[in-house]
Structure formats: C-alpha cells, structure tokens
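*Asks:* Here is the input, now give the coordinates:
(chains A, B and C)
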Amino acid sequence: MLPFSYATRNLLRDPVRLIQKVLGAALVVFLVYAAGSFNEGMKSVLMASGSPRNVILLGAGSEESVERSEVSIQSETLATAGISGIEKRIGVAAVSGEVHYMAPLIVSGYGAEHALLRGITAGAFEVHREVRILEGNYPSPGQILVGRLAYHSLGVPEEALVEGREVEFEGRVYIVSGVFEAPGTVMESEVWFDRNDLMTAIQRDALSCVIVRMSSDDGYKDADLFARQRLDLELVAMRESDYYARLAGFYDPLRAMTWLTAGLIGAGAVFGGLNMLYAAFASRIRELATLQAVGFRRRAILFSLVQESLLATLLGTLLASIVAVAFLEGVTVPFSIGTFRLMMPLPVLGLGLLVGLALGTLGALPPAFRCLSAPLPVALRSS
Amino acid sequence: MKRLLHLANLAFKQVTRHRIRTLLTIAGVATGIFLFTAVETMQSSLRIATEVSAGDTTLVVYRENRFCPLTSRLPEHYLGEIRRIEGVREAIPIQIVVNNCGASLDVIAFRGVPPEDLEKYSPDLEMLSGSYADWTARGDAALIGENFAARRGLKPGDQFEAVGVRVSVAGIIRSSQAQDNNVAYVHLSFLQQASRLGLGTVTQFNVRVDSSDQLESVAERIDTVFASDTDPTDTKPEKAFFAKTARDLIDIIRFTRWIGFGAVLAVLGLVANALLLIARGRVKENAILQTLGFPRFSVGVLMVWEGILLGFLGGLSGSVIAALFFHLNRFTFGNEGLTLALTPSIEVTLTGLFLAIALGLLASIWPAWVACRNPIVSSLRQG
Amino acid sequence: MKNITHYSLIAACGFIALAQIACEKAAGPDPSAENTSSAGTDPQIEAVFLDAAPEGAVSVLATRKKVEPGATITVSGRIAGAMEPFSGDYATLVLADDSLETCDRIPEDGCKTPWDACCVEPKTIAASRITVQVLGQDGRPVGQTLKQVRGLKELDGLIVTGTVAEGSSEENLILNATGIFLKKS
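*Replies:* I've put the predicted structure just below:
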C-alpha cells in the first residue's frame, strides 16, 4: 500500500486545485444541509404541532383546513358531555372550542401584516399542554396573548409585541397581555384572542373546531363515536397529529422542489469537480505508471487516489458543516403555516457526511479507472 | 471571416476529441441553464400576473381587510348596485372555494358563477372540448381550465371531487385571463350549497370597466358606495389584487431570483474552469500551432470558439429540457385562493440559450489570454 | 485470510438468523393460534340479526317527524347518507331514507362512493338519515364494526327494530337496535 503521506503531499502540490476541490465539495454538502434543514424544520413544526392524544372535531368537508371549518358553538358543551374518556385535571375536562382565522393586524407604529389568529378560552391550556405563558397574563377582553415568534410572522421587531404594546384589528385596539411559548409548534407564531372578542370582531357565530384531549392514546375512537352519533352536528373527528400530517403532505411538492433545486445546483458542482479530477489525474498518468513499474499494484494506487479525493471532500464537508451550524441552524423562516426554524438533526448531518463520502469515493473512481486502465508501456510513454 | 470559420471547425474537432470532458462541461452548463430558465419562467409568469398593463380592464371587489376567500363574504345583492355605477361595463359575482389558503403546488380552486352570465362576462373564453350547453344544462357541471384539466388528467364526462364538492366535467376551456386556466367554473348556487355557505353570499365580484384608464376611478366609486355597509369593500385592479394577496407566493418566487443569479455564476465558473483546464493541458500543442504559423490571436480565438460551442451546446440542452419540463408538468402555484401557472415561453427559452452562449464567450476570455500569452520556447520544452 | 472468511461466514449466519426472527415478529402471531372470539363476530351483535322481516316498518323520514325517546319503532331504510356510514371501531351505522337519491340511481354516474348522495343538497341528506347502534351489556355501543357482518355493506336495505335513545330529537335520532333484518336486493 502507498503511504498516507503520498496522498497528503500530492494534495498540497497544487494548492489552488486543492482549494477548488474543497470549496466545490463544501458547496455541494452545504446545499444538502440547506435543503435538509429546510425540510426538517417544516416537517417537524407540523408534526410537533399535533398531539396524538388530542382529537380535533371539524366541520364535515373541512378536513384539509381548519380555517374553512364551521362548528356550532353548542358542540363544545355537547362534546364535553357526550364523549367518554376525556382527560380531566382537578375535575375540569380538557376541551377547547376555538376560532382560527387569518387576517391582517396592524402593530402600533408599523404596517398591516397577515397573522394567524386564534380565539380561545381557558380550556386551550388544558388541551395544548406545550403552551406556557412566559411573561404577562391570560388575555382578558380587549387583550391579546402573542406567541414568542409572532413578531417574526408580522415582520416587526421583537420589542413591538411585548406586554403593554398595542395592536389594531378590525378597527379596534387590543393590548398585548403577555407572551407565550409552544416550542417547535406553529402556535408560537400565532396571536391569541379572547374567543368572544374575536367572534364579535369578525361577526362570526360559529367555532372553527373543538379540540378534545383524551386520557389515553386510543381515546380517538370515543370522539369518533360521538361524531357519528351526532349526525346533526355534522362533525368529523381527526387526531390532531393526523390533521397536521395531512397539512404537511399539502406542502410536500414545495419541499420536493427544494430538494430538486439543491440537487440541480449540486449536480452542476459535481460535473465541474469531475472535470477537474479527470484533468488532475490525466496529468499524472506517467507518474502512476511509474509507481506500477516500481511494483505497486493498481489496487493500491487506486486506494491512494481515493484517499486523496476523500481528504479534499471531507475537508469540504467539515467546512460546510461549520458554516451550516453557524449560519443555518436556528434561522427562522416565516411561512403560511407559521414560522419554523431550520433544523439540523443527526439524520441531516449524517446525510451531508454521506454525500461528502460519496463525492470523495465515487467521484474519484471514474477518472482513476481511466488513468489506471491504460497498458503500462503506453502509460509510461505518455506526456 | 473564412479564417474564423476554419478556426471554428478546428475548435469543434477539439471539443469532440475529449468526449468525457466535453460531456461533463455540457452537462454542468445544461444544469445551470435549466435552473436559470426555470427561475426566469417563474419570474415572467409572476410579472404577467402582477403587472398591470395597458389592456387590463378587470377589477376585483373584495371584502375589506380580508385575504383568504374563506373569509371574504359579500352579499350577492351588491351586484345590482355595482352594475349601476358609471364606468362599469359588466360585473359578475364569484364564490371561490379552495382546499387550502397556504402557498403550495397542490391548490384546488372552484369558482361559482351564475351560468347565464359567464359567456357574457368572458366572451373570449375558448371551449377546447365539451360545450356551454352541457355546462348550463346540469347543476353539478364544471368547466375546467386547460391547466387544471391537464394536471388532473380530466376530460368531458369525468367526475371528480375536491374540497367536499363533487362535479361532473362538462367542458375544458382556455382563456387569455391567467386565473381562468387553473380553476373549475361551476354554477354559483350549486357551490354556495355544496360548500355549506348558503345562498346569497359570494366571495368577490369581478368587474369589467369600459376602458383601462378608468380602473382607479371606478374602484374608488365602488368602495365609496359600500363604505358604510356592514360589509365594506376593497376594490383593486385584478393584478394589483394578486400582488397584494398572494404574499407567500411572491416571496418564494422573488427569493428564487438569487438562485437564478447563482446559476448564472455557476455556469460562468464551470465553463471558465473547463477552458482553463484545456489551456493548461494544451500548452505544448498551442506552441506547436504557433510554430507552424498560427498567430497568437488565432490561438486565442480557438479558445473563444470552444467556449462558445460549450456554452451553446449546454445552453441548448438546458433550455430545451426546461421548456419541456414546464410544458409537460404544468406546475401551478396557489396561495390565498389565487393561482399562478408556470408557463414556458419562447422568449425565456431563447434568453437562456443566448445567455449560455454569452457566458461561454465571457468565460473564454481569460483562458484565451492565458493560452496565447505563453512563450513558445518554454511551452515546447514542457514535458 | 482464512480467519476472515471464517468469521465473516459466522457473522452472516448470525445476521440471517436475526432477520428471520425480526420478520416473524413483524408478521404477527400465527392466525391459526388466534383466540376464536376475536376471529368471529361479537355474539352481542350476532344476537341482534333477524331471519324474518319485522312488521310495521315506517320510513326514516316518518320517524324523524315525531321523536319520543324510549319508544320502540321499526324503520326501513338503506345504509347511506354519509361518506363512511360504518364506524370502524363501534357497532354503529347511518341509515338513510329509501327516497334519498344516492349516486347509483343517477344514470351514467361513475361515482366511487355513491352512498354519500353528494348530488343531493346537504340539508336534504341531513333530514333523511338516522344513526343505528347496537348496544352491549355496558350500555355503550359494542366495540366492533358492523361492516361485513353477515355481508353487510353500503347501500344494503335494512329493516331495524329498536328503541329511540335518550337525548334523541327531531334533528338527531339515534336508534338502539334490538333487531336488524337485511333485505334481499
């Protein structure tokens, strides 16, 4: 086998080429990280937003979007009485009748921006266990509770939505009563109103949905039974996690496009890199032939060439990883569903590493084979 | 001139001599140009949809402070008053039902209109198959826009269901108005009932004015009439309405401009890289050419021709594949009930091709300079 | 070299064995060893099915006109009136009036779920259906679906005898079935 130092010395022989290889590999791997983190962020915010213990009762025909759904206001009390197995805390049933509405808000001192508004009652905290008020209080009439990332969706600085600030909606001014967190869920980008306030403001007399938290994971059956027994309410029962999984599926084509774009850019970089490798190895045909003449086997030389290539691409992978973790991870992206953060969990990092490895090994093979396939006498005579 | 053509011939031979290198470079350029053409297609489709041009005479009357069609509700009786306003040539009530207001490639939109009014309002609607008579005769019949039909593989006689509404296809239409090609037109009363919204309410009114310079004044007049009603209106030219409403969509497409720039730079880099490799590998050969009598200028021109050829071949493949890709797939972006069809155009395809040629030319300048600057004697001595 | 081959073979055998065990686990328990009670219909459901049609059946529309919780009624109808008339987890189904125009009655209608009567106005559908359920001894619907019990499927005609459940009204009638007769088509 050729010594490892042979590979390292060869790499350093042409620093410009080395930098090109490293940057090329870094670009491809960075793109994989960008597409992967975008996908993971979007997917995970939708997955985390729905709990399998929560069952959402929607208007029949509106399973694709809760904003379209209309459910009679009596459904809340009827569901509380009619569904068995609802979780209770200190005797209070975990049931939340909510109004979901998308509309423009005017933050005092700034322009109007879309936001997802949710009209709630205290029951919302029984059902959405991830929600925690960080500062301030539950909203009274005339007040709103904002999610920690709501400022991002509204395109205003964080200070514009702290406790005490004003927001205008439908010609009326509301005071921010506090800020809540719901880590990793779409709720963090929402603005929560007192339900009666919201229903009055938008002149609506029906709820969007009733969310019920069951005491066990298979409690969904009982909520479904209720929906089937009360045909007059025209409800459909769905696990909250299924609802969000369906919503995630709605954005699949967009996520596929992200991968396609990254793939295309990466392919372009790969073609360029292959070109360079062909040229690099081609200029060393004589050198490699000499090594064979001296006694090294083709296998050993191939291995050394792959080592060289791997070194460069893994350096590029390392560079891409550092840049990605420093600049990509945690970046917030506002989107229709809410704001999500770019995430780089182990699978994404692993994928990047795999791509780097593949670039190094598979990328080196075709040019290496080409160089080593020539018969020895011919190769020795080449210039 | 003759000399230039001879050099071009020689350049072609050089390019075909090193097949792998040429193919890799062409593949890389094709990928970059594909990306650029894709981005340009999106940008131009967006421009067509949002920039108000001279021939536009359509206004959209929407509920004030609403964006998603789920939330805009106007009384149908507004139609009579709108028709009486000076400058209004024709008006039609439209009920829109979409499966989701978020930005995605998978949006389904129904437009309910009074069947007797559609032909009068849009006389330029071209019936590609089926007939108006079939559509007016049956209550649940639908006229499907060309793109929508192609996306879902529908033809007259088919049935399909979406958003809780089931319709029977009565005809396929094509229209000069972009929105029409991506939606399904159904009877207004049918949609109002099927989507449980009830008769008497519509999402919006589309208004045709006598001439395009009256757009602003008529819009103001309409809003003044309903300003103090329970459902005040916000009237805008159709394209301005799109520009304001489909926010997410516009953000995504504007962002892709950066990808376009990146693709252009990548192509430039790829071709320059490939040519530099060629220049470095042909030092001795170029010296021999000069010894034989070729002037330095010719050696440089040879390199430039190679750059142009590589750019042309890569650009041709990339832009043609991109045009076919969009033609066969008929992507339609949707957001807030509005749709944007990404349609390939000859202008964009040719732009991609000419850009590739220009980039090839630009990228070859430095390598050509390098190639013709090398001193002959030391180049000949190179081993 | 010999050692490498030797150990590789052992490792390969180990992997194959592990894979075999995993596959068996994934396939689940042997069907023939299953408990007979879970393989067949719940006896509480079986007990409700009748061999002869009960007398005095009225239409679903007629039952909706005057609802008395606790009263015994016999009603005739078809399994239709919803996209999924059968519950997957409990013994309930939706029974619609015979007059409801399901899509199979419309010529040239290629609808895949004709029992949802989607061509009919939602208000009419809502007024033409009731819920039928089979209660267990605990007073709650039996935890097994009625679909495929004695071949029961959508659009089948039924005559059902039972008591009107407490809480029923003209807007929503729930019938606790004591007898179900499947009409021959």
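*Asks:* Would you enumerate the residues in contact with the residue of chain B found nearest chain A?
*Replies:* Taking C-beta to the nearest C-beta as the measure, chain B has B:G164 as its residue closest to chain A, at 2.8 Å. Using the backbone N, CA and C atoms, a C-beta is placed for each residue, glycine as well. Residues in contact with B:G164 (C-beta atoms under 8 Å, 6 or more residues apart in numbering or on different chains) are A:60-62, B:194-196.
*Asks:* can you do 6 Å?
*Replies:* Neighbouring residues of B:G164 by C-beta atoms under 6 Å, 6 or more residues apart in numbering or on different chains: A:G61.
*Asks:* Point out where the chain drops to low pLDDT.
*Replies:* Defaulting to chain A. A:383 (pLDDT under 70).
*Asks:* if you could check chain C rather than the one you did, that'd help
*Replies:* In chain C (pLDDT under 70), the answer is C:1-39, C:108-110, C:185.
*Asks:* residues in it within reach of chain A, list them.
*Replies:* By C-beta under 6 Å from any C-beta of the partner chain, the residues of chain C that approach chain A are C:87, C:89-90, C:92, C:131, C:171-172, C:174.
*Asks:* What segments of chain C are strands?
*Replies:* Listed in chain order, the strands of chain C (DSSP state E) span C:58-59, C:72-79, C:92-96, C:129-133, C:157-164, C:174-182.
*Asks:* which secondary structure element contains B:S168?
*Replies:* In the assignment (DSSP states H and E), B:S168 maps to strand B:165-174.
*Asks:* For that strand, C-alpha coordinates in CSV please.
*Replies:* Output of strand B:165-174 as CSV, limited to C-alpha atoms (Å, rounded to 0.1, in the frame of the first residue of the first chain):
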residue,chain,number,x,y,z
VAL,B,165,-67.6,19.3,-3.7
ARG,B,166,-68.3,16.7,-6.4
VAL,B,167,-68.7,17.8,-10.0
SER,B,168,-69.0,16.4,-13.5
VAL,B,169,-66.8,17.8,-16.2
ALA,B,170,-68.8,19.5,-19.0
GLY,B,171,-66.0,21.1,-20.9
ILE,B,172,-62.4,22.3,-21.0
ILE,B,173,-61.7,26.0,-21.5
ARG,B,174,-58.8,28.2,-22.4
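*Asks:* just the residues of the stretch 1-150 of chain A that are near chain B, which are they?
*Replies:* Counting by C-beta under 6 Å from any C-beta, the stretch 1-150 of chain A sits next to chain B at A:61, A:64-65, A:67-68, A:102.
*Asks:* SS state for the spatially most central residue of chain A?
*Replies:* Nearest to the mean C-alpha position of chain A, by C-alpha atoms, centre = their mean, lies A:G41 at 1.3 Å. Under DSSP: H, G, I helix; E, B strand; the rest coil, the three-state class of A:G41 is helix.
*Asks:* Equivalent analysis for A:R118, please.
*Replies:* strand.
*Asks:* Hmm, it is touching A:E188, no?
*Replies:* No - in this structure A:R118 lies outside contact range of A:E188 using C-beta atoms under 6 Å: 11.7 Å.
*Asks:* rewinding a little: direction included, what does the strand holding B:S168 pair against?
*Replies:* Using DSSP bridges, the strands paired with strand B:165-174 are strand B:126-130 (antiparallel), strand B:141-145 (parallel), strand B:159-162 (antiparallel).
*Asks:* Just put these in a markdown table and tack on mean neighbour count and mean pLDDT.
*Replies:* What follows is the strands paired with strand B:165-174, written out as a markdown table (neighbours: other C-beta atoms under 10 Å in any protein chain shown; pLDDT from 0 to 100):
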| stretch | mean neighbour count | mean pLDDT |
| --- | --- | --- |
| strand B:126-130 | 15 | 89 |
| strand B:141-145 | 27 | 90 |
| strand B:159-162 | 16 | 82 |
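*Asks:* sec struct for the closest residue to chain B within chain A, please.
*Replies:* Closest contact between chain A and chain B, by C-beta to the nearest C-beta, is at A:G61 (2.8 Å). Secondary structure state of A:G61, per three-state DSSP, is coil.
*Asks:* neighbour count winner among A:R118 and A:E188?
*Replies:* A:E188 (27 against 23; other C-beta atoms under 10 Å in any protein chain shown).
*Asks:* if I pick the more buried one, what's in contact with it?
*Replies:* Each residue near A:E188 by C-beta under 6 Å, 6+ apart is listed here: A:147-149, A:182.
*Asks:* Adding secondary structure and neighbour count as columns, could you present those in JSON lines?
*Replies:* Shown next, in JSON lines, are the contacts of A:E188 (DSSP: H, G, I helix; E, B strand; the rest coil; neighbours: other C-beta atoms under 10 Å in any protein chain shown):
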{"residue": "A:G147", "secondary structure": "strand", "neighbour count": "28"}
{"residue": "A:R148", "secondary structure": "coil", "neighbour count": "20"}
{"residue": "A:L149", "secondary structure": "coil", "neighbour count": "25"}
{"residue": "A:A182", "secondary structure": "coil", "neighbour count": "20"}
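*Asks:* Ok, which of the strands paired with strand B:165-174 comes nearest A:I90?
*Replies:* Closest approach to A:I90 among those is made by strand B:159-162 (44.5 Å; C-beta to C-beta).
*Asks:* Dump the C-alpha coordinates for that closest one into PDB.
*Replies:* Backbone C-alpha positions of strand B:159-162 (Å, rounded to 0.1, in the frame of the first residue of the first chain) are rendered in PDB as follows:
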ATOM      1  CA  GLN B 159     -66.300  13.200 -12.400                       C
ATOM      2  CA  PHE B 160     -64.000  14.500  -9.600                       C
ATOM      3  CA  GLU B 161     -64.300  15.500  -6.100                       C
ATOM      4  CA  ALA B 162     -62.400  18.000  -4.000                       C
END
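*Asks:* Summarise which helices and strands the host helix or strand of A:S5 is packed against.
*Replies:* Following DSSP H and E, one finds A:S5 within helix A:4-13. The contact analysis (3 or more C-beta pairs under 6 Å, 6 or more residues apart in numbering or on different chains; DSSP states H and E) places helix A:4-13 against helix A:298-327.
*Asks:* right, quick check: the next helix or strand after the helix it packs on against chain B, any contact?
*Replies:* Next helix or strand after helix A:298-327 toward the C-terminus (DSSP H and E): strand A:332-335. No - applying C-beta under 6 Å from any C-beta, one finds strand A:332-335 separated from chain B by no less than 6.7 Å.
*Asks:* who does strand A:332-335 pair up with?
*Replies:* Here, using DSSP bridges, strand A:332-335 pairs with strand A:338-341 (antiparallel).
*Asks:* how about the residues of chain B near chain C?
*Replies:* B:140, B:159, B:166, B:193, B:196.
*Asks:* could you redo the last one with a cut-off of 8 Å?
*Replies:* Contact residues (C-beta under 8 Å from any C-beta of the partner chain) of chain B with chain C: B:140, B:158-159, B:161, B:166, B:193-194, B:196.
*Asks:* From these, list just the buried residues.
*Replies:* B:140, B:159, B:166, B:193-194, B:196 (16 or more other C-beta atoms under 10 Å in any protein chain shown).
*Asks:* can you give me the strands for chain B?
*Replies:* B:58-63, B:74-75, B:88-98, B:109-113, B:126-130, B:141-145, B:159-162, B:165-174, B:184-187, B:201-202, B:204-209, B:233-237, B:332-335, B:338-341.
*Asks:* Looking at these, which is nearest to C:S59?
*Replies:* Per C-beta to C-beta, nearest to C:S59 of the strands of chain B: strand B:165-174, 25.8 Å.
*Asks:* the helices in the chain, which residues?
*Replies:* Picking chain A for this. For chain A, the helices defined by DSSP state H occupy A:4-13, A:15-49, A:74-82, A:123-127, A:150-154, A:195-201, A:220-229, A:240-250, A:252-282, A:285-294, A:298-327, A:346-373, A:376-381.
*Asks:* My question was about chain C, not that one.
*Replies:* Ranges of helices in chain C, per DSSP H, are C:2-27, C:36-39, C:43-46, C:60-65, C:122-127.
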